[in-house]
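K.L.:
Dropping a prediction and its sequence here:
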Amino acid sequence: QVQLVESGGDLVQPGATLRLSCVVSGVSLDYYNIGWFRQAPGKEREGISCISGSDDSTHFADSVKGRFTVSRDNYEKAVYLEIGSLKPEDTAVYYCNAFSAVTRREYWGQGTQVTVSS
């Protein structure tokens with residue numbers, strides 16, 4: 001059974017940094033790209049970052065480029081999204097997604113809430 005479990009969301013002040021975790025079980029990170037998405041209230045889900053399973057290459061949406069970093073730890077079977085210089089507009093539920101370009105299968109986590117407010 002494939003499971004993705006996000007954690008690390010919190011209520012923080014503007015300018016803070018958070019590290020979100022996505023722990024993956026049931027599939028190998030070597031064969032899946034892991035994406036991070038977010039959905040703010042009343043808005044569509046937005047793709048913000050991706051790390052490749054094959055070569056660790058990373059990609060970021062323009063809205064977060066320079067403030068967010070992504071990394072993975074194959075031993076822990078986890079992918080981390082570090083989000084820095086947080087702004088109120090970063091408030092959203094953050095989801096991780098595992099996608100295989102070979103099988104076209106994808107899996108979602110349940111999300112973790114990030115709230116940025118003074």
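P.N.:
That came in fine, so what should we check first? Quick caveat, the model's predicted, so the values are computed rather than measured. Numbers count the residues shown, from 1 in each chain.

K.L.:
looking at this protein, which residue lies furthest from center?
P.N.:
Farthest-out residue of the chain from its mean C-alpha position, per Cα atoms, centre = their mean: residue 118, at 23.6 Å.

K.L.:
That one reaches residue 13, doesn't it?
P.N.:
Yes: using Cβ atoms under 8 Å, residue 118 is in contact with residue 13, at 5.5 Å. Bear in mind the C-beta positions are built from the backbone N, C-alpha and C, glycine included.

K.L.:
Return the distance of the residue farthest from the centre of the chain relative to residue 51.
P.N.:
31 Å (Cβ to Cβ, to the nearest Å).

K.L.:
Over to residue 8?
P.N.:
Taking Cβ to Cβ, one finds residue 8 at 16 Å from residue 51.

K.L.:
just residue 100 next, same as before
P.N.:
14 Å.

K.L.:
neighbour count winner among these two?
P.N.:
residue 51 (22 against 15; other Cβ atoms under 10 Å).

K.L.:
so what's that one up against?
P.N.:
33, 34, 57, 58, 70, 71, 72, 79 (Cβ atoms under 8 Å, 6 or more residues apart in numbering).

K.L.:
What strand or helix carries residue 71?
P.N.:
Taking DSSP states H and E as the definition, residue 71 sits inside strand 68-73.
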